[in-house]
Each structure stands twice: as structure tokens, then as C-alpha cells.
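> build me a model:
(one chain, ligands or ions: 1)
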Amino acid sequence: MLPKRKRGWALWIVSVLFMSILVACGPTKLTISRANLKPNGFAARPVLVTKTISQQDWEENNRPQLQEDLQMQVFGFLPDTSSTQIIDQKTIAHTAYGGKASIEEYTLTATAIFNGQASTTRPFKLVVVIPNDTTAPVPVIMLQSFCPNHNTVRHPDVSKPAGNGFSCDGEGLMSKTMNYVFGRYIATPPMEMILEHGYALAAMYPSEFVADRSERGLADLRALSEGHTDDQTRWGAIAAWGWGFSRAIDALEQDERFAKDGFVTYGHSRYGKSALVAAAFDSRVGAVISHQSGTGGASLNKYKKGESVREITKTFPHWFSKSYAGYAGREQDMTTDQHALLALIAPRPLFLGNARRDVWSDPNGAFRAAQAANSAYNIYGKQGLTQVKLNDFTPAADIAFWIRSGTHGVVKEDWPAFLEFMDTHYK
Ligand code: GTR
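Take a look at the predicted model:
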């Protein structure tokens, strides 16, 4: 262990190095400019439906078409059918968080069937924190993170992922730097606050079933979709992680302790994208909290600011289908855009989190996508987004658009906003 003074220096050097790497890469374009608070960019206002259509028409014709287009051009195809096996379920603690909650851990595997060919994932864990003082079924915030479950739910008996050394843990310099740069809640959500509001939390670490690494991730995706022969439209990790949310719902949906309409998918950044995909393809998702999902999430591909299709597909070749990479530089040729992803979530409540200096994830493009998704909410007699500017946060609206100052990360103000949205829709 280094002496205290040296540790201070080491922390400083690591921070400078880390920031230099960030400055050298795209995400810090975000710290230089600020998102315009008025929706701009006339050319980028997509239109979802041009005439009045019935709910039946929308559900039977438009929705499947939008799903097909998004799978073809962005995410790759999800399985034809799927199932989930509960290998083990155990209670880790009855009186965690000062007696306020129990912690349970599930071991699951999931099977994906493409064209009649089935493949099954490696076992992965789902850690569920359930408030003790409730008799009524509670909504459950389903969380995916790039930190393993034992970092999300801090209890010594939560399993560490098998054979994967990654951790956001402890007192290490990397983890301190990460909290400094990406906010206090980047690794661990404020569990006490969530429990005080009366919600359960179900955490998963998606790298357990599809690695968040280019080569290993692509190998995992191929192994899970052998029946899908078209290389261009094989699913990417964002789709597979979104599918993972649904497998967690399979495991919990029969449990009387959870509200049937209360399976809320939550994620930040790459998992903000998977949280949206889950809801767009699974009607059991009751609501979505998608924070700073950016490119391939809530932000439009056409006329976009910040991270381009070229940049994201080059840096993360395993996240999307190859066909999406093929649209780099010719996004105008796409017959779909990300507003369709949001429209598929209608009429369910949707929270879109943003930050003013996170131009990398293009808050303005996400706002215009939300505006365009309104016509889908209208079909259900709902309003959708009611804000006219990015900063008129309206938590009770069907689409609540949140923008705070600062950059990419999960900071002090974010969780109170997420929970305010939850409260207005679930209480
Ligand atoms: C960035 C990526 C974004 C976002 C983010 C994250 O580097 O370019 O699209 O998803 O990573 O997940 O942390």
C-alpha cells in the first residue's frame, strides 16, 4: 500500500491520464459544447404516421413493421421464441439495508430459438432487493450495468461473476476516478432511497451472457443465434441485452410480490439503449427509464450531432447488426430512425435522461425523436411528450424528458428525478 501522500499523487496522475484518454476520444466533445434547449434541425423531424389510424391497425400492421425495420437496419434480429430456466433461487439476506429489505439471488439460463434452432446462454445471476414492509405488489426497477452485481447491490454474499475479473469495486483508484468522472451513482444506485420510495430492484450484469467485448461478444452472439444465417442482420449485444431484461421478467412475473405493470427497465448509456429495446419488443415492460442512451438509443441517426453511426459501430462492432455499420455516412438511406424505437413503447411511461454537456449522446436528437413518437401515444388517447423545451421537465407526462447541467454519468440529481417519474406513474 502506498503512503497517503503518494496515493494522492497517484490518484491525480491516474485522473489526468484518464481525462487525457477521454479528451483524445469522442465522449469529451460533450464537455466542450452544450445542447441547445430548443428543439432544432427542421430536416430531422421524422414523421411516424401521416394519417389517423386505429389502435388495431397500429398494433397489427405498423408496430410489426417498425420492429422489422429496426431489426433489419439497426439492432439485428431477436429470437423467434425464447424461454428462461431458473436453475437456483436463494435468499441471501432477510434484513439488509438496516432491516428494510431482503436480497434474493437467482441463477438463470435463457434459451433463444432462431429458425427452429435453440441455443442456451451460460448461467447468469439476477439479484433482487425487495422491500420488507410492504403487503401490496411493488414495482421493480430492473437494472443492467457494466459493473457486476456485487457492485450494484453491496452485500458480501452477492456472487461475483464467474471467470470475469472486471469490477467497479472498492477503494481502488480506478473506481474513485470513475465515480469522480461519471458521478456517484455510476456503479451503485442509491438503494436506501429506492426502498424509501417503495420499489424493488432487480440487477443483472449482461456481460455474463453476452460479453461486452468485440471478439468475445461477437462469438457469444453467434453462438446464441446459430439458426440466423444472415450475417448482416445477426443481433448485436444491445438487442441481446434488451432480450436479457425480458428473461429476467420471465423469472419474476409469476411472483405475487411484484406489480404486473411494474417491470421498469432502467439503464445508463449502453444499457439505456438496451432498456429501450426491451420495452419496444416486450409488452410486459411497464415503463422505461433510459438515461443518456444516445446513438442507437433515443437519439436520431439522421442529421445527428455527437457520436456518429460510423464512430459507434467502429468502436463497438458487437453492439449492433452489421447492417447498421453499413449505413455510416448514408444514414439518409435508412427507412427507419430511433423515434420508431420510442414509438414502440407507447402508451407506456418513458423517461429520457440527458445532460446539457453530453452532446456526445445528442439530447436534442433524442428530444426530436420523442416529439415524433407522440403520434403513437396519440393513437392510445395519450399525449406523449408535452414539453416544448428540453428543460421543462414534466415527470407526470407519458414521455418525461430530463436534462440537467453537467456531463455523461449518473450524478446526485439523477436518481431523485428517476424516482419522481416513478412516483407520478405508480402512486
Ligand atoms: C460511449 C458510447 C456511447 C455510450 C457510452 C456508454 O463511449 O460511445 O454510445 O453508450 O459509451 O455506454 O458508456
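
> and the protein, which residues reach the ligand?
27, 269, 270, 294, 295, 307, 312 (C-beta under 6 Å from any ligand atom). Any C-beta I mention is one placed from the backbone N, CA and C, and that applies to glycine too.

> for my notes, confirm the last one occurs in a strand.
What that stands for is residue 312. No: judged by DSSP: H, G, I helix; E, B strand; the rest coil, residue 312 forms no part of a strand; its state is helix.

> ok, it touching residue 327?
No: the criterion here is C-beta atoms under 8 Å, and residue 312 misses it with residue 327 at 11.2 Å.

> neighbour count for these two, which is higher?
Set residue 312 next to residue 327 and count neighbours by other C-beta atoms under 10 Å: residue 312 wins out with 23 against 19.

> who's in contact with that one?
295, 296, 319, 320 (C-beta atoms under 8 Å, 6 or more residues apart in numbering).

> for the stretch 151-300 of the chain, what spans make up the helices?
173-182, 191-196, 214-223, 237-252, 270-281 (DSSP state H, counting those that start in this stretch).

> where does residue 108 land in three-state SS?
Residue 108 - assigned by three-state DSSP - is strand.

> can you map out the strands along this structure?
Along the chain, counting by DSSP state E, strands occupy 81-95, 101-114, 117-120, 124-131, 138-144, 200-204, 258-268, 287-291, 350-355, 399-404.

> now mean neighbour count too, for those, in CSV please.
Shown next, in CSV, are these (neighbours: other C-beta atoms under 10 Å):
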stretch, mean neighbour count
strand 81-95, 14
strand 101-114, 20
strand 117-120, 15
strand 124-131, 24
strand 138-144, 25
strand 200-204, 26
strand 258-268, 23
strand 287-291, 28
strand 350-355, 27
strand 399-404, 24
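
> with mean pLDDT as extra columns, can I get those strands in JSON lines?
Shown next, in JSON lines, are those (pLDDT from 0 to 100):
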{"stretch": "strand 81-95", "mean pLDDT": "98"}
{"stretch": "strand 101-114", "mean pLDDT": "98"}
{"stretch": "strand 117-120", "mean pLDDT": "98"}
{"stretch": "strand 124-131", "mean pLDDT": "98"}
{"stretch": "strand 138-144", "mean pLDDT": "98"}
{"stretch": "strand 200-204", "mean pLDDT": "98"}
{"stretch": "strand 258-268", "mean pLDDT": "98"}
{"stretch": "strand 287-291", "mean pLDDT": "99"}
{"stretch": "strand 350-355", "mean pLDDT": "98"}
{"stretch": "strand 399-404", "mean pLDDT": "98"}
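
> can I get these in CSV with distance to residue 178?
As requested, the strands of the chain are exported to CSV (distance: least, C-beta to C-beta, whole Å):
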stretch, distance to residue 178
strand 81-95, 25
strand 101-114, 24
strand 117-120, 33
strand 124-131, 21
strand 138-144, 17
strand 200-204, 18
strand 258-268, 12
strand 287-291, 16
strand 350-355, 17
strand 399-404, 19
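
> out of those strands, flag the one nearest residue 373.
Residue 373 sits nearest to strand 399-404 of all those, at 6.8 Å, using C-beta to C-beta.

> for the helices of the stretch 151-300 of the chain, which one ends up most surrounded?
The highest mean neighbour count among these belongs to helix 270-281 (a mean of 28), with neighbours defined as mean count of other C-beta atoms under 10 Å.

> show me what that helix is packed against.
Applying 3 or more C-beta pairs under 8 Å, 6 or more residues apart in numbering; DSSP states H and E, one finds that helix 270-281 contacts helix 63-70, strand 138-144, helix 237-252, strand 258-268, strand 287-291, helix 338-343.

> how about the helices of the stretch 151-300 of the chain in TSV, adding distance to residue 205 and mean pLDDT?
Formatted as TSV, the helices of the stretch 151-300 of the chain follow (distance: least, C-beta to C-beta, whole Å; pLDDT from 0 to 100):
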stretch	distance to residue 205	mean pLDDT
helix 173-182	16	81
helix 191-196	16	98
helix 214-223	14	98
helix 237-252	10	98
helix 270-281	10	99
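
> ok, which of those comes nearest residue 422?
Per C-beta to C-beta, nearest to residue 422 of those: helix 191-196, 8.9 Å.

> return the residues in contact with the residue of the stretch 51-200 of the chain found nearest the ligand.
Scanning the stretch 51-200 of the chain for proximity to the ligand using C-beta to the nearest ligand atom identifies residue 146 as nearest, at 7.1 Å. When contacts are counted by C-beta under 8 Å, 6+ apart, residue 146 touches 168, 205, 207, 212, 270, 271.

> now it: how far from residue 257?
Distance, residue 146 to residue 257, using C-beta to C-beta, to the nearest Å: 28 Å.

> most neighbours, which of the residues of the chain next to the ligand?
Within those, residue 294 tops the neighbour count with 30 neighbours, counted by other C-beta under 10 Å.

> from what I see, it and residue 369 are in contact.
No: here residue 294 lies out of contact with residue 369, judged by C-beta under 8 Å, at a distance of 11.1 Å.

> leaving out chain neighbours, which residue sits closest to residue 58?
Spatial nearest neighbour of residue 58, chain neighbours left out: residue 379 (5.0 Å); criterion: C-beta to C-beta, 6 or more residues apart in numbering.

> show me the contacts for that neighbour.
49, 53, 54, 55, 58, 346.

> just to revisit the earlier point, in a markdown table: the helices of the stretch 151-300 of the chain, plus distance to residue 301.
Below are the helices of the stretch 151-300 of the chain laid out as a markdown table (distance: least, C-beta to C-beta, whole Å):
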| stretch | distance to residue 301 |
| --- | --- |
| helix 173-182 | 25 |
| helix 191-196 | 33 |
| helix 214-223 | 21 |
| helix 237-252 | 14 |
| helix 270-281 | 13 |
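
> tell me the confidence at the residue nearest to residue 58?
On the pLDDT scale, residue 379 is placed at 95.

> and it, how close does it get to the ligand?
30 Å (C-beta to the nearest ligand atom, to the nearest Å).

> cool, and residue 280?
17 Å.

> give me the number of residues near the residue nearest to that residue when sequence neighbours are not counted?
Leaving aside its chain neighbours, residue 280 sits nearest to residue 344 (3.7 Å; criterion: C-beta to C-beta, 6+ apart). If you count neighbours by other C-beta under 10 Å, residue 344 ends up with 22.
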